[in-house]
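> need the 3D shape of this:
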Amino acid sequence: MSISVVILAAGQGTRMKSSTPKVLHEISGKSMLFHTIDAAKNVSDDITVVLYHQAERIQKEIEESYEGIHFHMQDAQQFPGTGGAMKGVKVNHSKVLILNGDMPLITTGSLHALMEGDADINMSVIQLDNPNGYGRVVILDGNVHEIIEEKDCIPAQREIQTVNAGVYCVRKELLDRYIPALSNENAQAEYYLTDIIKMAVDGNKTVHPVMVQEEEFKGVNSKLDLAHAEEIMQERIRAEWMKAGVTMHLPQTIYIDSRATFEGECILESGVSIQGKSKIIDSHIKANSVIEDSLIENSDVGPMGRVRPGSTLIDTHIGNFVEVKKSILTGVKAGHLAYIGDASIDKGSNIGAGVITCNYDGKNKYKTTIGKNVFIGSDTQLVAPIIIEDDVIIAAGTTVNKNIAKGELAISRAPMKTIKNFFYKFFLTESDKHKGDK
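Okay, the predicted model is just below:
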């Protein structure tokens with residue numbers, strides 16, 4: 001269906017108590033506005049975002065992630081309110097779906113439901129057991145008759161359980177007629193988009209109520225709302241991937257970024273966090289491990305492992321308290337207590353406990369290259385930039401600060417010495433010594 005989408009994202013969002021624009025606060029790794037844009041892109045090729053507060057910042061972030069989005073810079077000082085936000089907006093198609101940028105939980109299925117039929121306006125409506133605090137939607141003969149603000153309701157009208165969810169699908173010709181006619185002669189001195197409903201009813205136009213789920217149409221106006229939306233989004237993401245075959249232990253304890261993907265037989269244990277655009281293929285991520293913007297294939301990580309951005313692990317075992325950063329590991333074992341940063345390690349190599357790549361000199365990062373079948377003993381420091389060729393053994397406790405050729409043993413240790421009876425000389429007092437003489 002040919003339809004235009006307008007997303008209202010001009011508000012300041014003062015209840016968020018943040019310098020970050022409300023619509024740029026993230027839910028499951030993505031700005032809440034981006035979730036709305038994603039849903040819109042599934043139904044339309046003509047999307048306009050209405051901006052005002054921190055407009056340049058929001059536009060820049062959108063353009064870094066999307067192509068073909070149109071922008072309308074609104075003068076909210078002159079035209080406040082939801083109706084004011086629509087003034088001057090130009091669209092290409094004969095129907096217009098009006099969304100809110102702070103409704104990140106809306107789904108493509110609900111948008112399709114709002115687009116169906118031949119009504120002049122489709123209006124989203126929620127059925128609430130407790131509608132207190134909401135304007136009531138009066139429905140007669142299957143169509144919307146009017147919207148009554150709660151303060152204006154008579155006792156019988158307060159019993160109405162249908163309320164406005166704030167999303168509309170409107171014929172363009174009606175918007176072109178009604179938006180310029182909106183008035184701000186009200187207590188808030190704002191232009192209300194809901195006034196077009198009264199105009200349509202008075203003009204004998206059909207306003208059809210579309211029943212929607214409250215969860216999808218929740219507005220995010222505070223950090224508390226943000227947390228609730230995150231919980232709902234995470235439940236959806238986990239359910240989607242479990243249906244696709246991912247095994248999760250105590251799924252309610254697992255965090256999965258909305259941009260992360262899984263293939264094959266994957267297992268996520270409790271407390272796991274999969275962040276960014278990570279891709280997990282046929283791998284086992286054990287308890288309390290964190291994967292950030294990395295590829296993990298046919299590998300296991302953890303428990304309590306951390307794989308930082310830019311890493312690739314293939315056929316690799318990463319044990320507890322091992323941290324990997326911006327490294328490529330193929331067929332590697334690092335059982336515990338190691339830091340591997342800016343490194344490339346090839347098949348058959350073993351990284352002992354306490355091994356670290358010294359990749360940073362305080363100004364620049366340097367690379368460590370380790371070949372095949374290299375055995376690196378515990379408590380070794382690899383001072384980058386450095387190349388360790390195939391079939392090398394590095395003895396425990398060695399500091400490696402030059403390249404090691406194929407087949408060599410590298411060892412750097414001070415000779416060990418012992419001092420006889422030093423324990424007694426160090427800890428016993430003169431008095432203790434005399435007591436021993438007696």
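> next one: the longest helix along the chain to chain centre, how far?
Using DSSP state H, we find that the single longest helix of the chain is helix 223-243. Relative to its chain's centre, helix 223-243 lies at 10 Å (Cα atoms, centre = their mean, to the nearest Å).
> mind giving me the domain ranges of the chain?
Here the domain parsing of the chain from automatic domain parsing is 4-217, 223-410.
> hmm, back to that, what packs against the longest helix of the chain?
strand 26-27, helix 32-41, strand 247-248, strand 255-256 (3 or more Cβ pairs under 8 Å, 6 or more residues apart in numbering; DSSP states H and E). Every residue, glycine included, has its C-beta placed from N, CA and C.
> what packs against the last one?
When contacts are defined as 3+ Cβ pairs under 8 Å, 6+ apart, strand 255-256 packs onto helix 223-243, strand 273-275.
> what's the answer for the longest one, then?
Judged by 3+ Cβ pairs under 8 Å, 6+ apart, helix 32-41 is in contact with strand 4-8, strand 46-51, helix 55-65, strand 95-100, helix 108-115, helix 223-243.
> what's next to the shortest one, contact-wise?
Contact partners of strand 4-8, identified using Cβ atoms under 8 Å, 6 or more residues apart in numbering, comprise 33, 36-37, 40, 43-44, 46-50, 72, 82, 85-86, 89, 91-93, 95-101, 172.
> for these, which PyMOL command selects only the ones that are buried?
Remark: buried members of these, expressed as a PyMOL selection using 16 or more other Cβ atoms under 10 Å:
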select buried, resi 33+36+37+40+43+44+46+47+48+49+50+72+82+85+86+89+91+95+96+97+98+99+100+101+172
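> and residue 325, what are its bridge partners?
Taking DSSP bridges as the rule, residue 325 bridges to residue 341.
> burial check on it, number of neighbours?
20 (other Cβ atoms under 10 Å).
> for it, give me its contacts.
By Cβ under 8 Å, 6+ apart, the residues touching residue 325 are 308-311, 339-342.
> one more: residue 76?
Counting by Cβ under 8 Å, 6+ apart, residue 76 touches 10, 52-53, 84-85.
> and the furthest pair within those?
53 and 84 (13.4 Å; Cβ to Cβ).
> quick one: which of the two has more around it?
Between residue 53 and residue 84, counting by other Cβ under 10 Å, residue 84 is the more crowded of the two (24 against 17).
> helix, strand or coil: sort out that one for me.
helix (DSSP: H, G, I helix; E, B strand; the rest coil).
> let's have the contacts of residue 76 in CSV, adding distance to residue 236 and pLDDT.
Below are the contacts of residue 76 laid out as CSV (distance: Cβ to Cβ, whole Å; pLDDT from 0 to 100):
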residue, distance to residue 236, pLDDT
10, 27, 92
52, 30, 94
53, 29, 93
84, 33, 94
85, 28, 94
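> which one of these is nearest residue 389?
residue 53 (58.0 Å).
> what's the closest non-adjacent residue to that closest one?
Excluding the flanking residues, the one nearest residue 53 by Cβ to Cβ, 6 or more residues apart in numbering is residue 12, at 4.3 Å.
> just the helices in the stretch 101-250 of the chain please.
Secondary structure of the stretch 101-250 of the chain (DSSP state H, counting those that start in this stretch): helices at 108-115, 155-158, 172-178, 195-202, 223-243.
> same list, the ones you listed, but as a markdown table with mean pLDDT please.
Shown next, in a markdown table, are those (pLDDT from 0 to 100):
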| stretch | mean pLDDT |
| --- | --- |
| helix 108-115 | 95 |
| helix 155-158 | 90 |
| helix 172-178 | 96 |
| helix 195-202 | 94 |
| helix 223-243 | 97 |
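> tell me which of those is the most buried.
Comparing the helices of the stretch 101-250 of the chain by mean neighbour count (mean count of other Cβ atoms under 10 Å), helix 195-202 ranks first with a mean of 19.
> circling back to that earlier point, just the closest of the contacts of residue 325 to residue 378, please.
residue 339 (13.2 Å).
> do you know the pLDDT at that closest one?
Note on residue 339: pLDDT of 98.
> residue 411 too?
96.
> I'd like to know how far residue 267 sits from residue 398.
In this view, residue 267 and residue 398 are 36 Å apart by Cβ to Cβ, to the nearest Å.
> tell me which of the two has more neighbours.
Each of residue 267 and residue 398 has its neighbours counted (other Cβ under 10 Å); residue 398 has more, 22 against 16.
> show me what counts as buried in stretch 328-348.
Result for stretch 328-348 [16+ other Cβ under 10 Å]: buried residues 328-332, 334, 336-348.
> filter the residues you listed down to just the ones in strands.
Taking DSSP state E as the definition of strands, the buried residues of stretch 328-348 contribute 328-330, 334, 336-341, 343-345.
> for those residues, which one is nearest residue 428?
Nearest member of these to residue 428, counting by Cβ to Cβ, is residue 337, at 36.1 Å.
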